[in-house]
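Participant: no sequence on this one, just coordinates:
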């Protein structure tokens, strides 16, 4: 299993429809015919564990990323498991809704012994949840493959059916060690943590308003991350949603470059111009050789004319 999330829809009269979405590597274990969804009130009272059936599968196939090298036939299968109706009376304690699955892929770089580590996909109704309230749902599948050494702008936003305000954050994937809340983070491999999920510079960050991830991943590999969405109604927190998923980072096929910034020489006889080149693709670190003799990304003391 490479990812998942739990969403819910209010049907009225305290009844809810709950959907568990699972993602799996097509080369791994098959998706189960049923999966679990446990619901507990915030004070620990169990509502029950249910086993909705698997719905139709969809497949996300990837051959290459932009100008990147072809990937090794990466394929992700996804399916929904729908609990058609469960009664959740209004409660000041709220509710935890979660699925627990085992196990993750063998070679996830940021998780220690990932093949031994399970997953908890968790959503929470806070207090009375703002009345008959439905969770947000993500607008698209999570990214399966991302390029290394290329500045990213990846939209992982969601839409709320009640037009509530949403706030986004990067968060740690959850382990399945605890069978009830509070849940614990996965054990991170050396060099990684809940605040350093991926090898990147600038570090990966997410815009809390737009849900766009920015940053530059600097090392190819497989990484698991969490996308947390907090839902606010009239300024009050009414629910949280967490998507946990794994993506593969590949080196782009060829080096590419562009002028990031430049300053013209002040006059025809001056040598106070400068230029900075932005580079991506290939395999870092990069070397530079300017026609003027410079050997770094930024070159100074340029005269008017053409410089390569």
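Facilitator: Here it is on my side, so go on. Keep in mind that what you see is a predicted model, and the values were worked out from it rather than measured.

Participant: all contacts plus neighbour counts: C-alpha atoms, from now on.
Facilitator: OK.

Participant: apart from its neighbours in sequence, what residue is nearest residue 170?
Facilitator: Distances taken as C-alpha to C-alpha, 6 or more residues apart in numbering place residue 227 nearest to residue 170, at 5.0 Å, with adjacent residues excluded.

Participant: pretty sure the one you found sits in a strand.
Facilitator: Yes: assigned with DSSP: H, G, I helix; E, B strand; the rest coil, residue 227 falls within a strand.

Participant: which residues does it form beta bridges with?
Facilitator: Under DSSP bridges, the beta-bridge partners of residue 227 are residue 170, residue 243.

Participant: count the residues that sit near it.
Facilitator: With neighbours defined by other C-alpha atoms under 10 Å, the count for residue 227 comes to 22.

Participant: show me the shaky parts of the protein.
Facilitator: Along the chain, segments meeting pLDDT under 70 span 62-73, 253-256, 260, 280-284.

Participant: if you set the cut-off to 80 instead, what comes out?
Facilitator: 61-73, 128-130, 252-261, 278-286 (pLDDT under 80).

Participant: ok, the residue nearest to residue 170 touching residue 169?
Facilitator: Yes: using C-alpha atoms under 8 Å as the test, residue 227 is close enough to residue 169 to be in contact (6.1 Å).

Participant: any idea which helix or strand carries residue 86?
Facilitator: For residue 86, the element it lies in under DSSP states H and E is strand 74-87.

Participant: after that strand comes which helix or strand?
Facilitator: For strand 74-87, the succeeding helix or strand toward the C-terminus, using DSSP H and E, is strand 95-101.

Participant: off-centre distance for that next one?
Facilitator: Relative to its chain's centre, strand 95-101 lies at 19 Å (C-alpha atoms, centre = their mean, to the nearest Å).

Participant: helices or strands up against whichever helix or strand comes after it?
Facilitator: Going down the chain from strand 95-101, the next helix or strand is strand 119-125, by DSSP H and E. For strand 119-125, the packing partners by 3 or more C-alpha pairs under 8 Å, 6 or more residues apart in numbering; DSSP states H and E come out as strand 3-12, strand 95-101, strand 236-250.

Participant: much appreciated, bye for now.
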